[in-house]
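[1] no sequence on this one, just coordinates:
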């Protein structure tokens, strides 16, 4: 289990990632490419469509994980502030 300070530090790093122009561009471009590829498959290309679907899901999971690290760190920061108020 991570300490409150570790969670806050990780959140700052995750926020930097989410603000990183190159990473944001990569997420957006991959999502666009995968979605376009998925939509352009024919009904008989079930396997290809499923592979692209899983790529989209994996990309979403990575982004969501980074966002969850930020949220966890924000909660740790609020907890730390409440402790200092009491």
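    Okay, I see it. Since the structure is predicted, the reported quantities are computational estimates derived from the model, not experimental observations.

[2] Now do the SS call for the residue most central in space within the chain.
    For the chain, the residue nearest the mean C-alpha position is residue 63 (1.3 Å; Cα atoms, centre = their mean). Following DSSP: H, G, I helix; E, B strand; the rest coil, the label given to residue 63 is helix.

[3] The chain should start at 830 in everything you say after this.
    Got it, first residue is 830 now, which makes that one residue 892.

[4] unless I'm mixing things up, it is touching residue 857, no?
    No: counting by Cβ atoms under 8 Å, residue 892 stays clear of residue 857, with 10.2 Å between them. C-beta coordinates here come from the backbone N, C-alpha and C atoms, glycine included.

[5] which element is residue 873 on?
    Under the criterion of DSSP states H and E, residue 873 resides outside all helices and strands.

[6] May I have the residues that are in contact with it?
    If you count contacts by Cβ atoms under 8 Å, 6 or more residues apart in numbering, residue 873 has none.

[7] what about it, distance to residue 867?
    Distance of residue 873 to residue 867, computed by Cβ to Cβ, to the nearest Å: 14 Å.

[8] Residue 906 too?
    39 Å.

[9] likewise residue 880?
    9 Å.

[10] From residue 847, how far out is the residue nearest to the centre of the chain?
    8 Å.

[11] what do you get for residue 900?
    Residue 900 is 11 Å from residue 847, by Cβ to Cβ.

[12] Report the mean per-residue pLDDT for the one helix or strand residue 899 maps to.
    In the assignment (DSSP H and E), residue 899 maps to helix 875-914. The predicted model gives helix 875-914 an average pLDDT of 95.

[13] Report the buried residues of that helix.
    878, 881, 884-885, 892, 895, 898-899, 901-902, 905-906 (16 or more other Cβ atoms under 10 Å).
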